[in-house]
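# Give me coordinates for this.
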Amino acid sequence: MAGLKVRTEQVHEARTALERAWQGSVAVLQHKQALPRIIDLMLELTERLPNHTWVENLDYQNGEIQIRGESEQATALIKLLDQAPGITEVKFLSPVVQVRNSNRERFHISMQYERPQDS
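Now for the predicted structure:
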């Protein structure tokens, strides 16, 4: 009987460890599913930003996106980006600066990005 009791306890411990591991893997998958897919954001920016605009730098950290670049109409970018699904709180982080000897303006924009509900 003592041997049976030991085996029963070992089986119970193994099941408990397996259950904890399964719950941990499910939690990781749920967390990953909730994170925004940056490739979706890049596609959205590619489709939404005008041809005369280019992004030189894109940084993502904890849901905040910062983009730096140049455009012929930098001030119009705020409205364009604000209309995109998953993008909120669009604002300039620094003043728009005219690029010398060109019709372009340099911008630095911040926005929040979350995975759109239908993705």
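
# any chance you could map the strands in the protein?
53-61, 64-71, 87-92, 97-98, 105-113 (DSSP state E).

# what's the shortest one packed up against?
It refers to strand 97-98. strand 105-113 (3 or more C-beta pairs under 8 Å, 6 or more residues apart in numbering; DSSP states H and E). Heads up, the C-betas are built off the backbone N, CA and C, glycines and all.

# Now do the strand it packs on: which elements does it pack against?
The elements that strand 105-113 packs onto, with contact taken as 3+ C-beta pairs under 8 Å, 6+ apart, are strand 64-71, helix 77-82, strand 87-92, strand 97-98.

# Which single helix of this structure contains the most residues?
Secondary structure assigned by DSSP state H gives helix 2-34 as the longest helix of the chain.

# Give the buried residues for it.
Within helix 2-34, no residue counts as buried by 16 or more other C-beta atoms under 10 Å.

# and that helix, what's its mean pLDDT?
Averaged across helix 2-34, pLDDT comes to 77.

# Over to stretch 66-85?
Rounded mean pLDDT across stretch 66-85 is 94.

# what's the span of it from first residue to last?
17 Å (C-alpha to C-alpha, to the nearest Å).

# list the buried ones in that stretch?
For stretch 66-85, burial by neighbour count (16+ other C-beta under 10 Å) applies to Ile67, Gly69, Glu70, Ser71, Ala74, Leu77, Leu80, Leu81, Ala84.
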